[in-house]
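J.: after the sequence you'll find the predicted model.
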Amino acid sequence: MKEVFENPQMMMKYFNRAVFLLFIAFVALISFYIVLNAEWILGDDKQTMLTTGSGVPLPMFSDLIGGGIANGRFCPMAHQELNLLTLIPFGYTPLAHYIFNAFFFIVLSFLSVIYLRSIQRYYFNSDSIILPILTYLFLFIGCTVLTTFLDVIYGRITSILYLLVFYLVILNIKRNKDKYLIYSIPIVFWLTFRGETLFSSFFVIGATLLLFNYKNNSKTLNRYALFLICDAIFYLLLYAVIVLPQAKSNYTSIPNDHFFRDLLLWTPHAVLILVLTIIRLYFIVVKKDTTRIYLDAILFGGAVLVAANIVLRLSTTYYYMSIMVFLMPSVLYWGYYFFINKRRVFYVLCAVMFFMFIRPIHLFPYLIINNQHRRTTEMACIRQVEPYVKKDGYKLFFLAGSLPEGSYERNIRIFVKRALKETYEFETKRNIQTIELTDITQRNYPYLFVTKQDIKYIEETQRNYLLQNYDSLLSFGDLNVVFYKLR
């Protein structure tokens, strides 16, 4: 042991091993929680439940997940990896879907470290695994990427596909072998058609390589950059021909009065990549610094993705999770550079980044806690209804007057069907103000689902009728629904 402490190289070797073991423990723990208490969750899981969750392959251009051309969406390859689950006997179960997620989380974790280590070797000739692991863990936690794997609906392999493309490109640069770029071509095509804004990242990466480093690139790399630009243009042409003539609306999130505040609080990595892009553009254009053009091209590709999401007012954190992959190379490079050359600057940057990411880091364990709570309560709540309605032929009536058509009503329908696993009658009434509860009673609907916010919209006479003639059996706080039985 004394020899270890007296030998810096041996000490660093053991320190690397210790960090790697802690990394494995982290990956194992998160994988455990991804699979633990596997169950469907009320919300967008309904889309999976109707397809691979029922053993039915997910079609391309589906209004459920894969396309939605009518509202301007065009991502025919989105979620197609879920169809692999239809090839195994228990693939329709929630457990199979979450095992699937855990597998891809493990792939993402180890591939990220391998990729970052290859960058570190190329630029600094260092084999240490410490900084690649710390960079990945910090951004994985800070970018809330875990959410991608805690739900079955999200595009769990988008980040992995980007990593593969970037890794193959750096291998081409290091080894000067064209085969790596050829391998990446089908991955680029697949990625381009997984989301409406992903084409923009390839366009900017290709344009950056050609505009700022054309003379220094190899001929093959220049051709590859041109291919990335053509790939983006091809997507836009297909969008113009296939989608625009049929689109009735534009896909966008509902405008949020606090959009930019939420962007800063919940997706600080989106702000960070925009700031780094401005800084690097200054050095490239003004200072003519193109020695790190590979890192800059990836950085700019991520920045334009953020810009596209902002233009579309996409405030959900899911749309910004893959930005982690675009940030990792630059964070690793500049972290290593300042640690070696300007230690004080390194510590200041670490403090600034920690302050920026303190909110998502603080909330990281709550992502798991909240997800586990929803898994163990939502379907269990619905299943509590079965003993009551089974003897009456599963005759249910759902009041959903104040909710958007097809949203909560559709979710409850699908969840009741999956939870009860029986044929049932399920009617709804949209106009809550004119509802006649006596009519429902006469038609022999002994059970009512009523959303809590709708109770206050019912006319006073109807509300009194409800309270006088129905007993409140179950109140599902998380589902915001009260279950009533006719006396």
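T.: Yes, it's here.

J.: let me see the ranges of the helices in the stretch 201-350 of the chain.
T.: Ranges of helices within the stretch 201-350 of the chain are 219-238, 259-266, 268-285, 293-311, 323-341, 343-356, based on DSSP state H, counting those that start in this stretch.

J.: looking at the ones you listed, which has the lowest confidence?
T.: Per-stretch mean pLDDT for the helices of the stretch 201-350 of the chain is lowest at helix 259-266 (a mean of 70).

J.: list the contacts of that helix.
T.: 144, 256, 270, 271, 310, 313, 315, 317, 359, 360 (C-beta atoms under 8 Å, 6 or more residues apart in numbering). For every residue, glycine as well, the C-beta is placed using N, CA and C.

J.: how far does that helix sit from the chain's center?
T.: Distance of helix 259-266 from the chain centroid (C-alpha atoms, centre = their mean, to the nearest Å) equals 17 Å.

J.: could you export that helix as CSV, CA atoms only?
T.: C-alpha atoms of helix 259-266 as CSV (Å, rounded to 0.1, in the frame of the first residue of the first chain):
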residue,chain,number,x,y,z
PHE,A,259,-41.4,30.2,-21.5
PHE,A,260,-38.0,31.7,-21.2
ARG,A,261,-38.0,31.6,-17.5
ASP,A,262,-38.8,27.9,-17.6
LEU,A,263,-36.2,27.4,-20.2
LEU,A,264,-33.5,28.9,-17.9
LEU,A,265,-34.7,27.0,-14.9
TRP,A,266,-35.4,23.6,-16.3
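
J.: nearest to residue 337, of the contacts of helix 259-266?
T.: The closest of the contacts of helix 259-266 to residue 337 turns out to be residue 271 (C-beta to C-beta; 21.6 Å).

J.: burial check on that closest one, number of neighbours?
T.: Residue 271 has 16 neighbours, counted by other C-beta atoms under 10 Å.

J.: give the contact list for it.
T.: When contacts are taken as C-beta under 8 Å, 6+ apart, residue 271 is in contact with 263, 264, 356.

J.: before we move on, the earlier item: dump the contacts of helix 259-266 into TSV; add distance to residue 277 as well.
T.: As requested, these are arranged in TSV below (distance: C-beta to C-beta, whole Å):
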residue	distance to residue 277
144	21
256	24
270	11
271	11
310	13
313	20
315	20
317	20
359	22
360	21
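
J.: thinking again about what came up before, which of the contacts of residue 271 tops the neighbour count?
T.: residue 263 (20 neighbours).

J.: what kind of secondary structure is residue 40 in?
T.: Per DSSP: H, G, I helix; E, B strand; the rest coil, the local secondary structure of residue 40 is coil.

J.: against residue 39, how distant is the closest residue to it other than its chain neighbours?
T.: Take residue 40 and drop its neighbours on the chain: the residue closest to it by C-beta to C-beta, 6 or more residues apart in numbering is residue 94, 5.4 Å away. Look at residue 94 and residue 39: by C-beta to C-beta, to the nearest Å, they are 5 Å apart.

J.: which residue of these two possesses the greater neighbour count?
T.: The neighbour comparison of residue 94 against residue 39 (other C-beta under 10 Å) goes to residue 94, with 21 against 17.

J.: mind putting the contacts of residue 271 in CSV, distance to residue 181 included?
T.: Putting the contacts of residue 271 into CSV (distance: C-beta to C-beta, whole Å) gives the following:
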residue, distance to residue 181
263, 35
264, 37
356, 35
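
J.: in this protein, which spans are strands?
T.: Per DSSP state E, the chain carries strands over the ranges 395-399, 425-429, 447-451, 470-476, 481-486.

J.: burial count for the residue lying closest to residue 367 once chain neighbours are set aside?
T.: Once flanking residues are discounted, residue 367 sits nearest to residue 146: 5.5 Å by C-beta to C-beta, 6+ apart. Look at residue 146: counted by other C-beta under 10 Å, it has 19 neighbours.

J.: please apply the same query to residue 234.
T.: Neighbour tally, residue 234, other C-beta under 10 Å: 14.

J.: what does the one 5 residues further on give?
T.: By the criterion of other C-beta under 10 Å, residue 239 has 17 neighbours.

J.: surely it meets residue 74?
T.: Yes - with contacts counted by C-beta atoms under 8 Å, residue 239 reaches residue 74, the gap being 5.2 Å.

J.: where do the contact lists of the two overlap?
T.: Common neighbours of residue 239 and residue 74 (C-beta under 8 Å, 6+ apart) are residue 196.

J.: output the lowest mean pLDDT helix or strand found in this structure.
T.: Least confident helix or strand of the chain, by mean pLDDT, DSSP states H and E, is strand 425-429 with a mean of 48.

J.: quick check: mean pLDDT of stretch 380-389?
T.: Stretch 380-389 comes out at a mean pLDDT of 72.

J.: dump that stretch to PDB, restricted to CA.
T.: Presented in PDB, the C-alpha positions along stretch 380-389 are these (Å, rounded to 0.1, in the frame of the first residue of the first chain):
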ATOM      1  CA  ALA A 380     -53.800   0.600  -8.900                       C
ATOM      2  CA  CYS A 381     -56.400   3.400  -8.400                       C
ATOM      3  CA  ILE A 382     -58.300   2.400 -11.500                       C
ATOM      4  CA  ARG A 383     -58.200  -1.300 -10.500                       C
ATOM      5  CA  GLN A 384     -60.000  -0.400  -7.300                       C
ATOM      6  CA  VAL A 385     -63.100   0.200  -9.400                       C
ATOM      7  CA  GLU A 386     -63.300  -3.400 -10.700                       C
ATOM      8  CA  PRO A 387     -65.000  -5.000  -7.600                       C
ATOM      9  CA  TYR A 388     -67.800  -2.500  -7.900                       C
ATOM     10  CA  VAL A 389     -68.500  -2.400 -11.600                       C
END
